[in-house]
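Visitor: Return a 3D structure for these sequence lines:
(chains A, B, C and D)
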Amino acid sequence: MEILIDIKDTITVQEALDFIQSPACGGEVIFAGTVRNHTKQRPVLKLFYECYEAMAISEMQKIATQVQERWEIQKMVMLHAVGDKYPGDIAVVIAVAAAHRGIAFDACEYVIDTLKETVPIWKKEFFADGEIA
Amino acid sequence: MEILIDIKDTITVQEALDFIQSPACGGEVIFAGTVRNHTKQRPVLKLFYECYEAMAISEMQKIATQVQERWEIQKMVMLHAVGDKYPGDIAVVIAVAAAHRGIAFDACEYVIDTLKETVPIWKKEFFADGEIA
Amino acid sequence: MGILLFGVAKDITGAAMLEKPAQVRDVAALKAWLYEAYPGLQQLKSMMIAVNRTYAADSQVINEQDEVAVIPPVSGG
Amino acid sequence: MGILLFGVAKDITGAAMLEKPAQVRDVAALKAWLYEAYPGLQQLKSMMIAVNRTYAADSQVINEQDEVAVIPPVSGG
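Guide: Prediction:
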């Protein structure tokens, strides 16, 4: 399995696509998480993502290893943005390429679910009413 | 739900992304089906996709209606390419945007599974050994 | 009236359109006639008939102004 | 040695790095000390300790050269 893992200011779906597209794979599943302009109906101005980078990369690599052991995946991308992010900005991109689409869906959902549980990245929400949470 | 359905010569993931990205949605799931350079280990030169267009559009709209009744999806894209397609070319793109990622994964997988069962599109495979199937 | 054919059904019959015999008046009769006139169609895993762009049950009546199509197993995606 | 703090743990303690008391020699003792020195940390839904960039069990010994971090509930993605 070829793996691209990165944490940086700005990430795009295109760089994930460029990495996973291959004539050997039939199905590609991509998850893009974008900043919403509301949380539970409260308007959101921006998010700030902070990360413990060295450990975050290590935890992302562990997820990639789990995926590799569990599914036959050809290529995988995990990208996370950090810093100030505004509504509509992309915060995370997961992309998986496999010969069969069913496992690409399963693996992609597993990666984003696990990333949200284990990877040391934190977001702070800045609401329009001035509150920060 | 906003819906984009199209059947044409060339489709891209980018046009699907452009349609579904919205600051109101948190999770976007995209499936891209690309032409593989082999089918059951036999090298493939190209595929030819033929379609009963008026009925195909109608069946795609039926799938969109089913999705709308079943899940809370904000935006959805279904694109299918027709004509000669070569290994690495994109044959189909499904994109779904929702507030919650779980339903975006479920809906996206449902759409591609159902499209493959009901939408009148046919592919012919041209193998490297000269056979056509 | 003309019956549209697609995919492998077109390859088997050698025609993108066939003229429906006047005595064929529903989907079941159309299938029976197609299987008899083009026995190769019996090899298909499935053969659906669409009437006015919708999959039709065997009992569905075919009128002269309907758009009728032979739908072999689909393979999009 | 310094203990790294992130996210809301940093906000609660007001520090991105804390000096570990010499008598704290494992993860359980570190947590007990943190909860006592910064009672606000008790409000967290969870507080994990990472030793050398790996989530550590309470029983794990902390050596002076280890990289130790306080990990409040993560919220990436």
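Visitor: For chain A, give me the ranges with low pLDDT.
Guide: Low-confidence regions of chain A, defined here as pLDDT under 70, do not occur.
Visitor: show me where it has strands.
Guide: Secondary structure of chain A (DSSP state E): strands at A:2-8, A:27-34, A:38-39, A:42-51, A:75-81, A:83-85, A:90-98, A:121-127.
Visitor: now swap in chain C and tell me
Guide: Remark: strands assigned in chain C by DSSP E are C:2-5, C:17-19, C:48-51, C:54-55, C:68-71.
Visitor: Work out the sheet partners of the first one and label each with its direction, please.
Guide: Within its sheet, and counting by DSSP bridges, strand C:2-5 is paired with strand C:17-19 (antiparallel), strand C:68-71 (parallel).
Visitor: For the residue of chain C found nearest chain D, give me the pLDDT.
Guide: Per CB to the nearest CB, the residue of chain C with the smallest distance to chain D is residue C:77, at 28.7 Å. Backbone N, C-alpha and C define where each C-beta goes, glycine included. In this model, residue C:77 is scored at 93, pLDDT.
Visitor: quick one: it from residue C:18, how far?
Guide: In this structure, residue C:77 and residue C:18 are 28 Å apart, going by CB to CB, to the nearest Å.
Visitor: Give the buried residues for the lengthiest helix in chain C.
Guide: In chain C, with assignment by DSSP state H, the single longest helix is helix C:27-37. Residues of helix C:27-37 classed as buried: C:27, C:29, C:30, C:31, C:33, C:34 (neighbour count, 16 or more other CB atoms under 10 Å in any protein chain shown).
Visitor: ok, now which ones touch the second one?
Guide: If a contact means CB atoms under 8 Å, 6 or more residues apart in numbering or on different chains, then residue C:29 has residue C:23 as its contacts.
Visitor: mind redoing it with 10 Å?
Guide: Contact partners of residue C:29, counting by CB atoms under 10 Å, 6 or more residues apart in numbering or on different chains, are C:20, C:21, C:23, C:58, C:61, C:62.
Visitor: Drop anything exposed from these.
Guide: The buried subset of the contacts of residue C:29 - by 16+ other CB under 10 Å - is C:20, C:62.
Visitor: Rebuild the contacts of residue C:29 as JSON lines, extending it with pLDDT and distance to residue B:32.
Guide: What follows is the contacts of residue C:29, written out as JSON lines (pLDDT from 0 to 100; distance: CB to CB, whole Å):
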{"residue": "C:20", "pLDDT": "95", "distance to residue B:32": "40"}
{"residue": "C:21", "pLDDT": "95", "distance to residue B:32": "45"}
{"residue": "C:23", "pLDDT": "95", "distance to residue B:32": "48"}
{"residue": "C:58", "pLDDT": "98", "distance to residue B:32": "38"}
{"residue": "C:61", "pLDDT": "98", "distance to residue B:32": "42"}
{"residue": "C:62", "pLDDT": "97", "distance to residue B:32": "39"}
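Visitor: ok, of the contacts of residue C:29, which one's closest to residue B:57?
Guide: If you rank those by distance to residue B:57 using CB to CB, residue C:62 comes first, at 22.4 Å.
Visitor: which intervals of chain C have sub-threshold pLDDT?
Guide: Within chain C, the set of residues satisfying pLDDT under 70 is empty.
Visitor: what does chain A have sitting close to chain D?
Guide: A:7, A:31, A:33, A:47, A:49-60, A:62, A:80-82, A:91-92, A:94, A:112-125, A:132-133 (CB under 10 Å from any CB of the partner chain).
Visitor: Verify the stated contact: residue C:50 with residue C:9.
Guide: No - judged on CB atoms under 10 Å, residue C:50 makes no contact with residue C:9 at a distance of 11.5 Å.
Visitor: neighbour count winner among those two?
Guide: Under the neighbour definition other CB atoms under 10 Å in any protein chain shown, residue C:50 and residue C:9 were set side by side, and residue C:9 has more, 26 against 23.
Visitor: does that one really touch residue C:17, like I thought?
Guide: No - at 11.4 Å, residue C:9 does not count as touching residue C:17 under the criterion of CB under 10 Å.
Visitor: Quick check: neighbours shared by the two?
Guide: Common contact partners of residue C:9 and residue C:17 (CB under 10 Å, 6+ apart): C:3, C:69.
Visitor: about what we covered before: as PDB, could you dump the C-alpha coordinates of the longest helix of chain C?
Guide: Extracted in PDB, the C-alpha atoms of helix C:27-37 (Å, rounded to 0.1, in the frame of the first residue of the first chain):
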ATOM      1  CA  VAL C  27     -44.500  -7.400 -22.400                       C
ATOM      2  CA  ALA C  28     -44.900 -11.100 -21.800                       C
ATOM      3  CA  ALA C  29     -45.800 -11.600 -25.500                       C
ATOM      4  CA  LEU C  30     -42.900  -9.300 -26.600                       C
ATOM      5  CA  LYS C  31     -40.400 -11.400 -24.600                       C
ATOM      6  CA  ALA C  32     -41.800 -14.700 -26.000                       C
ATOM      7  CA  TRP C  33     -41.500 -13.400 -29.500                       C
ATOM      8  CA  LEU C  34     -38.000 -12.000 -29.000                       C
ATOM      9  CA  TYR C  35     -36.800 -15.400 -27.500                       C
ATOM     10  CA  GLU C  36     -38.300 -17.300 -30.400                       C
ATOM     11  CA  ALA C  37     -37.000 -14.900 -33.200                       C
END
